[in-house]
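Enquirer: fold the following, please.
(one chain, ligands or ions: 1)
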Amino acid sequence: MAKSKASRSGRSAQQPEAEAPSSDDLERARARVDELTRQIRRHDDLYYAKDAPEISDAEYDALVRELAAVETAHPELLSPDSPTQRVGGRPVEGLVSVEHRQPMLSLANTYSREEVLEWLESITAYLGGDDPLRFSIEPKLDGVALEIVYEQGELVRAVTRGDGKVGDDVTHNVVTIRSVPRRLKTKKPPALLEVRGEVIMTHASFRAVNAERDSAGEEPFVNPRNLASGTLKMLDPQQVRKRPLDFVAYGFGATEGFAATSHGEAIATIASWGLPTSGELATLGDIESVLAHYDALQAKRNGLPFDVDGTVIKVDDFALQRRLGVRSKSPRWAIAFKFPAQQVTSVVERIEIQVGRTGALTPKAVIRPVYVGGVTVENVTLHNKDEIERLGVKVGARVLVERAGDVIPKIVAVTEAGDGEPFAMPERCPVCGTPVVDDEEEVVVRCPNPLCPAVFKRRLEHFVSRGALDIEGMGSKLIESLCETGLVRRLSDVFALEKEALAALPRMGELSAQNVLDGVEAAKTRSFARFLYALGIRHVGETVAALVADRWTSLDALRAVTADALQDVAAIGPAVAESLLGWLADEREQADVDRMLALGLAPTAPVVARAGEGVLAGRSFLFTGALAELSRREANELVKAHGGKLLSGVSSNLDVLVVGDKPGSKLKKANELGVQVMTEAEFLELVRGG
Ligand code: IVH
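Expert: Residues are numbered from 1 along each chain as shown. Have a look, this model is predicted:
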């Protein structure tokens with residue numbers, strides 16, 4: 001679906017020499033330019049707004065090419081808002097930071113009607129209770145926030161939200177978005193118009209991009225939002241063009257000479273100027289109608305060409321918006337009323353067993369693919385046999401699948417049992433045939449064979465993954481071939497890979513091979529903490545690895561550790577100590593690490609703020625739940641970089657628990673102990689503000 005654009009190179013070569021065209025010629029050319037412009041705009045609209053293209057990409061390109069040719073022959077006919085002017089964004093070396101004139105805020109949000117009514121009550125009280133309120137309600141698009149700045153009607157800049165105050169200049173990419181006008185379609189544009197909206201990727205484009213990635217042997221993107229977000233920040237617009245983005249305007253930053261007095265009116269005005277809007281906005285005079293509109297939008301949610309995760313209700317009148325003003329992070333005049341987690345039914349086609357990095361056998365249901373909560377779900381893990389029994393999942397069962405936001409999909413219930421056999425855990429590892437061991441305490445069944453190929457493959461995947469050694473170019477398909485061909489049989493083999501052998505693997509070649517080798521080279525000097533984590537020692541996750549590496553900063557130091565010394569570190573529990581000591585005593589593991597060292601591996605000692613320095617100095621932190629902005633690794637590194645300490649569990653020694661989504665038992669315990677609790681946003685404000 002990605003539309004390639006007509007090349008404009010060679011334009012000056014075609015420039016006519018001296019001869020001026022006759023006025024007849026010029027008139028004919030003008031008519032042709034108008035006609036081609038009209039046609040291209042119409043096809044843009046069919047393609048983007050209506051999702052119903054009438055011509056092929058090649059035919060579209062031919063129209064653009066013809067227009068470019070006429071404009072080349074008659075430069076006086078070239079207007080700045082010609083469709084040909086969209087082509088030509090140049091790659092940039094890095095993204096430049098730009099400060100927003102007005103901060104880009106976020107929204108208070110809720111899933112409940114009661115809270116919407118409470119919001120209404122609170123703003124009515126705030127205003128004194130006398131003003132009749134009208135509301136605009138529109139879809140809440142699940143994409144990436146963007147601000148586009150128009151000066152005198154010309155697009156001059158496009159900036160991401162960033163941290164709300166400062167974003168990245170992505171103008172070079174935004175000019176590739178066909179639905180975004182370079183020039184507003186009005187004779188009297190405002191002196192300044194900052195339009196805010198969401199950059200999205202339609203389902204159709206998302207599927208097309210993933211299909212292409214799949215045939216190139218690359219990992220697919222998880223959902224349209226992630227893809228849109230990654231694409232928007234690319235440096236080379238040529239790449240962006242292959243991943244068609246779209247934009248939907250829903251609000252405003254600073255404006256000068258923009259006369260609108262209400263949200264509904266302002267959106268209608270900019271729509272008439274050619275800016276894409278959702279087309280689903282309603283302006284209503286009472287809250288019951290607003291809630292009814294929410295229900296109506298929810299009902300059509302699955303039929304929309306893009307992901308929508310709720311609605312946004314806004315006080316329509318700008319004067320009232322100004323009177324209501326903003327709190328620290330969100331305006332009082334708006335609230336996001338989100339849709340509940342999506343649930344879809346499907347059928348269990350089979351139940352497969354996955355063998356994990358620690359040998360744990362995890363059953364997963366392979367279901368008939370369904371699109372839910374922004375992704376196509378085909379595999380759902382079932383965690384353990386107890387859960388399968390509790391739910392009554394078996395082959396042929398009809399099940400209810402749920403997925404909310406970034407959360408892993410799960411089966412919430414069986415709606416029809418089906419007539420398949422009840423599921424039983426296998427007695428032998430499905431990969432190597434070793435009899436399994438039932439670990440009653442952890443409700444886990446394990447393959448005890450450390451040489452099991454499945455276990456090793458998972459260990460390797462973990463070893464090279466982003467939070468670990470982060471070896472670029474080593475995706476799951478390459479790992480598969482490395483294991484299958486026996487090029488990698490133990491972790492140290494990664495450092496002994498040779499170009500020729502790599503290049504001969506399927507889908508590889510010289511260039512990719514070199515890319516992988518560069519990645520391996522870079523991985524040799526990752527921090528000692530990451531290296532420890534990469535080894536996949538049981539109970540040594542990112543946090544524990546960082547703690548251990550803080551105290552014993554090199555492999556030599558760690559190898560000299562005694563059981564007593566380990567027990568002394570309060571943050572390291574007995575399970576961690578036992579596992580680490582076991583690993584240190586394992587001759588095969590140690591020999592493999594020695595071989596890595598001989599092959600050039602040289603982990604670096606952690607960089608820590610000097611004792612007593614940094615905004616977090618003297619305080620200890622722990623993270624729990626799913627963080628939205630940071631990975632665990634980044635969060636841990638931030639704590640250390642700012643002089644704070646990390647703890648691995650909640651105790652009275654803990655100063656701050658930072659909670660993400662679904663925090664669970666740690667939050668409960670922290671509350672019981674009176675430990676300070678912070679959201680991720682508050683934590684970020686603390687470190688970034690300091
Ligand atoms: S208004 C001052 N309207 O949701 C508040 N935001 O959770 C400005 N979003 O950062 C936001 N659709 O990226 C608004 N119709 C809509 C929206 C919308 C999606 C995003 C936006 C914002 C985030 C807040």
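
Enquirer: for stretch 154-162, which residues meet the burial criterion?
Expert: 155, 158-162 (16 or more other CB atoms under 10 Å). Bear in mind the C-beta positions are built from the backbone N, C-alpha and C, glycine included.

Enquirer: with stretch 368-379 instead?
Expert: With burial defined by 16+ other CB under 10 Å, the residues of stretch 368-379 counted as buried are 370, 372-375, 377.

Enquirer: next one: stretch 514-534
Expert: Neighbour-count burial for stretch 514-534, counted by 16+ other CB under 10 Å, picks out 515-517, 519-520, 523-524, 526-534.

Enquirer: could I have the longest helix seen in the chain exported to PDB, CA atoms only?
Expert: Taking DSSP state H as the criterion, the chain has its longest helix at helix 23-44. Provided in PDB are the C-alpha atoms of helix 23-44 (Å, rounded to 0.1, in the frame of the first residue of the first chain):
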ATOM      1  CA  SER A  23       0.200  32.400 -24.200                       C
ATOM      2  CA  ASP A  24      -2.000  29.600 -25.700                       C
ATOM      3  CA  ASP A  25       0.600  27.100 -24.500                       C
ATOM      4  CA  LEU A  26       0.600  28.700 -21.100                       C
ATOM      5  CA  GLU A  27      -3.200  28.600 -20.800                       C
ATOM      6  CA  ARG A  28      -3.300  25.000 -21.800                       C
ATOM      7  CA  ALA A  29      -0.600  24.200 -19.300                       C
ATOM      8  CA  ARG A  30      -2.400  26.100 -16.600                       C
ATOM      9  CA  ALA A  31      -5.600  24.100 -17.300                       C
ATOM     10  CA  ARG A  32      -3.700  20.900 -17.100                       C
ATOM     11  CA  VAL A  33      -2.000  21.800 -13.800                       C
ATOM     12  CA  ASP A  34      -5.400  22.700 -12.400                       C
ATOM     13  CA  GLU A  35      -6.900  19.400 -13.600                       C
ATOM     14  CA  LEU A  36      -4.000  17.300 -12.400                       C
ATOM     15  CA  THR A  37      -4.000  19.000  -9.000                       C
ATOM     16  CA  ARG A  38      -7.700  18.400  -8.700                       C
ATOM     17  CA  GLN A  39      -7.400  14.800  -9.600                       C
ATOM     18  CA  ILE A  40      -4.500  14.100  -7.200                       C
ATOM     19  CA  ARG A  41      -6.300  15.800  -4.400                       C
ATOM     20  CA  ARG A  42      -9.400  13.800  -5.100                       C
ATOM     21  CA  HIS A  43      -7.300  10.600  -5.000                       C
ATOM     22  CA  ASP A  44      -5.600  11.600  -1.800                       C
END
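
Enquirer: give the other helices and strands that that helix contacts.
Expert: Where contact means 3 or more CB pairs under 8 Å, 6 or more residues apart in numbering; DSSP states H and E, helix 23-44 is packed against helix 57-73.

Enquirer: compute the inter-axis angle for the helix it packs on and helix 23-44.
Expert: Interaxial angle, helix 57-73 versus helix 23-44 (axes from the mean of the first three to the mean of the last three CA atoms, to 10 degrees): 150 degrees.

Enquirer: report the closest residue of the stretch 551-690 of the chain relative to the ligand.
Expert: Closest to the ligand within the stretch 551-690 of the chain is Ala628: 10.7 Å, counting by CB to the nearest ligand atom.

Enquirer: look up how far the ligand lies from Glu349.
Expert: 35 Å (CB to the nearest ligand atom, to the nearest Å).

Enquirer: likewise Thr84?
Expert: Computed as CB to the nearest ligand atom, the Thr84 to the ligand distance reads 31 Å.

Enquirer: once you drop chain neighbours, what's closest to that residue?
Expert: Sequence neighbours aside, Ala68 is the residue nearest to Thr84 in space, at 4.7 Å (criterion: CB to CB, 6 or more residues apart in numbering).

Enquirer: that neighbour: how many residues sit nearby?
Expert: Using other CB atoms under 10 Å, Ala68 has 24 other residues around it.

Enquirer: picking up where we left off before, closest one to the ligand out of the buried residues of stretch 368-379, please.
Expert: Nearest to the ligand among the buried residues of stretch 368-379: Gly374, at 13.5 Å, using CB to the nearest ligand atom.

Enquirer: for that closest one, what are its contacts?
Expert: Gly374 sits next to 142, 223-225, 307, 309, 403 when contact means CB atoms under 8 Å, 6 or more residues apart in numbering.

Enquirer: need the phi and psi values for it.
Expert: When read as degrees, to the nearest 10, the backbone of Gly374 gives phi 90, psi 0.

Enquirer: relative to Ala513, how far out is it?
Expert: Applying CB to CB, to the nearest Å, the value for Gly374 to Ala513 is 35 Å.

Enquirer: same question for Val445.
Expert: According to CB to CB, Val445 and Ala513 sit 39 Å apart.

Enquirer: what does stretch 537-548 contact?
Expert: So stretch 537-548 is contacted by 358, 467, 529-530, 532-533, 558, 569, 571-572, 575-576, 579-580, 583, 606, 622-623, 632-633, 636-637, 640, 646-648 (CB under 8 Å, 6+ apart).

Enquirer: mind running it again at 6 Å?
Expert: 358, 467, 529, 532-533, 571, 575-576, 579, 583, 632-633, 636, 646, 648 (CB atoms under 6 Å, 6 or more residues apart in numbering).

Enquirer: what about Val658, how many residues nearby?
Expert: Neighbours around Val658, by other CB under 10 Å: 24.

Enquirer: how about it, secondary structure?
Expert: Here Val658 is recorded as strand under DSSP: H, G, I helix; E, B strand; the rest coil.

Enquirer: kindly report the same for Leu511.
Expert: Per three-state DSSP, Leu511 ends up helix.

Enquirer: OK, contacts around it?
Expert: So Leu511 contacts nothing (CB under 6 Å, 6+ apart).

Enquirer: again, but for the one 5 residues further on
Expert: Val516 makes contacts with 473-474, 502, as judged by CB under 6 Å, 6+ apart.

Enquirer: of those, closest to the ligand?
Expert: Checking the contacts of Val516 against the ligand with CB to the nearest ligand atom, the nearest one is Gly473 at 32.5 Å.
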